[in-house]
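Student: build the 3D model from these lines:
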Amino acid sequence: MTQNIDKNKKVDLTGQDRFTWNLMVSWASQLVLVFSGFIMPRLVDEKVGQVALGIWDFGWSFVSYLALLGFGMGACFNRYIAKHRSASDFVKLNEVANSAVFVQLVVSSVVTLCTILFYFLLPVFFSESLKENTEMAQWVVLFLGFSLSVGMAAGSAKGLLTGYHRWDIHNSLHAGDSLFSLALMVALLFLTDLGVIGMAIGYLISTIVFETIRFIFVGRLCKEFQFDLKMANWATCQEMLIFSIKSMLSNLPPIILLQSISLILVSAIGPAALAVFARPMALTRQIKMFMNKFTLMLTPTTGSMQGAGDNKAIQTLFVNTTKLSFAFALPSLGFLFIYGDVVLQYWMGNDYALWPLMMILALGRLLPMAQDTSIRILIGLNQHGKISIFALIAVFVIFVISILFLGVNNWELTTAALLFVVPMNIVYGFIVPIYTCRQLKLSWLGYVQSSFIKPLFYIMPFLGLLAWSRHAYELNDSVTAIATLVSAGIVTIIIYFVYLVPVKIQQKLFRRLKISS
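Tutor: Numbers count the residues shown, from 1 in each chain. Purely as a prediction, here's the structure:
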């Protein structure tokens, strides 16, 4: 035990020394997921049609509801793993880890039973809207639900790897799973007559394979962890459940809000409308996933800082990481705002290229997405309970009032988009960040100036050049459009390098390039 402690003191247990590497690997792995996300919808649409694609999205809507049964446990207990490891309390680390394993196994069993129940109840509630596609939807829900069950059983492995700040391994496995499942789904889609049912089967097989590999990495990398369910105890299980429920509540509103809107769209307009709505949402979700790869690392890092008693470092972490989040979100969402319909047209075809819908989603997701750092820092501090409950209530009060005002008949896709982004902006764009500033004893105006106003000034040349490029595109001047677009990227890279990259990293790069500065 003493040898382990001495060894750990030689490394940065907050994970900051691995932060850049973990982020680079995370984003590289996310590119694989983006590739998969772009390939499959187009293939499904061309191979089995828009309705079948809507059934696939419908199946994932049900699975998102099933995910709520996990009470947010997943990898969220990595905060405790990082905290106890930082304090060299390996007895407590093993109590937490084994208690989480026990809870995850119970939750996985419940999800399996609920999946089977959904399979039999689906025709009762959706036979009129799904009609001849009801049986197809049943099988998709069944196999995707089983995949979720397997993933939940392996949630403890995710928590251990990320608690040890091995986000590189965690995300590499996630990317490998995505590539393997993509290969299986494409093969089953084109070599069999199973359609989206075959895709769901392929996804399940890939999940089983890679979650098994994840446990192998835990055994090799998490040396202080000992798998022994006898070390689990009811008090620790309760503590983990309470913490995970609070974490679930913090993530719950956008999930239920989006899936509720999706189900209403299916009932009011049909599965084809959901397929159209889901594609621009998927583009913004891909950007959010890149953001999540960054912000999720803040929870165990904050837990480690709290374990070391470094509160000032937490304040600095919050402001700096939010500034970086805005610096990434502004150009990516700005590009979708201006060029999103063009991307949809080349990706899915003219039927999906609805510019007003894309503009609403791109603009409306900026503030909540870029300030996801707020809730991740609060989770790391275990101060996210009250604000999560308040956010849940506030989001659905706003949503219900909007539904009562608009009704559920004669919906437009832009109506669905507004019903999603307005509650999210009010709650996660303003209320949660203000609460976080108060908890950290930071000036909100100072926070806004440092984290939002500065990146906004940095990105203005990019947005101006992008608008010029779009104007040239509309005039069929492709040379000017491409040249201006490339110029926008180059100018932004230079500005970001000068104002956002730390001086030490700049100097290190100059030395490697043998440039005097």
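
Student: tell me the domain ranges of the chain?
Tutor: Domain segmentation of the chain under automatic domain parsing yields 2-442, 443-517.

Student: isn't residue 301 right next to residue 317, touching?
Tutor: Yes - Residue 301 is within contact range of residue 317, at 6.9 Å (criterion: Cβ atoms under 8 Å). C-beta: built from backbone N, CA, C; applies to glycine.

Student: compare these two (neighbour count), which wins?
Tutor: residue 301 (29 against 22; other Cβ atoms under 10 Å).

Student: list the buried residues for stretch 121-134?
Tutor: 122, 126, 129-130, 133 (16 or more other Cβ atoms under 10 Å).

Student: closest to residue 141 among these?
Tutor: Distance to residue 141 across those (Cβ to Cβ) is lowest for residue 122, with 6.3 Å.

Student: secondary structure element for the closest one, which one?
Tutor: In this assignment (DSSP states H and E), residue 122 forms part of helix 90-130.

Student: that helix packs against which elements?
Tutor: helix 50-66, helix 78-86, helix 134-153, helix 155-163, helix 234-268 (3 or more Cβ pairs under 8 Å, 6 or more residues apart in numbering; DSSP states H and E).

Student: one more time with 6 Å, if that's ok
Tutor: Counting contacts by 3 or more Cβ pairs under 6 Å, 6 or more residues apart in numbering; DSSP states H and E, helix 90-130 is packed against helix 78-86, helix 134-153, helix 155-163, helix 234-268.

Student: tilt between it and helix 155-163?
Tutor: Counting by axes from the mean of the first three to the mean of the last three Cα atoms, to 10 degrees, helix 90-130 points 120 degrees away from the direction of helix 155-163.

Student: any chance of the buried residues of stretch 121-134 in TSV, with distance to residue 333 too?
Tutor: Below are the buried residues of stretch 121-134 laid out as TSV (distance: Cβ to Cβ, whole Å):
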residue	distance to residue 333
122	35
126	34
129	33
130	34
133	34
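
Student: dump these to a markdown table, plus pLDDT and distance to residue 215.
Tutor: Shown next, in a markdown table, are the buried residues of stretch 121-134 (pLDDT from 0 to 100; distance: Cβ to Cβ, whole Å):
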| residue | pLDDT | distance to residue 215 |
| --- | --- | --- |
| 122 | 82 | 32 |
| 126 | 76 | 37 |
| 129 | 70 | 40 |
| 130 | 73 | 37 |
| 133 | 78 | 37 |
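
Student: for residue 478, give me its contacts.
Tutor: Not one residue lies near residue 478 by Cβ atoms under 6 Å, 6 or more residues apart in numbering.

Student: right, I mislabeled it, should have said residue 417
Tutor: By Cβ under 6 Å, 6+ apart, the residues touching residue 417 are 357, 360-361.

Student: flag the least confident of those residues.
Tutor: By pLDDT, residue 357 ranks lowest within those, coming in at 89.

Student: thought that residue was touching residue 413?
Tutor: Yes - using Cβ atoms under 6 Å, residue 357 makes contact with residue 413 at a distance of 5.2 Å.

Student: okay, and the nearest residue to residue 366 once chain neighbours are set aside sits in which element?
Tutor: For residue 366, ignoring the flanking residues on the chain, the nearest one in space by Cβ to Cβ, 6 or more residues apart in numbering is residue 333 at 5.3 Å. Using DSSP H and E, residue 333 sits in helix 311-348.

Student: re the thing from before, let me have the contacts of residue 417 in TSV, extended by neighbour count, secondary structure and distance to residue 159.
Tutor: Formatted as TSV, the contacts of residue 417 follow (neighbours: other Cβ atoms under 10 Å; DSSP: H, G, I helix; E, B strand; the rest coil; distance: Cβ to Cβ, whole Å):
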residue	neighbour count	secondary structure	distance to residue 159
357	25	helix	37
360	22	helix	36
361	25	helix	32
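
Student: and those, which is closest to residue 242?
Tutor: Closest approach between the contacts of residue 417 and residue 242, by Cβ to Cβ: residue 361, at 34.3 Å.

Student: pick out the shakiest of the domains of the chain, pLDDT-wise.
Tutor: Lowest mean pLDDT within the domains of the chain: domain 2-442, at a mean of 81.

Student: could I get the contacts of residue 417 in CSV, plus columns for distance to residue 306?
Tutor: Listed next are those as CSV, based on distance: Cβ to Cβ, whole Å:
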residue, distance to residue 306
357, 42
360, 39
361, 35
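
Student: which one of these is nearest to residue 182?
Tutor: Among the contacts of residue 417, residue 361 lies closest to residue 182 (Cβ to Cβ), at 24.8 Å.

Student: starting at the chain centroid, how far to the helix holding residue 122?
Tutor: When distances are taken as Cα atoms, centre = their mean, to the nearest Å, helix 90-130 is centred 20 Å away from the chain's centroid.

Student: now stretch 459-470
Tutor: 28 Å.
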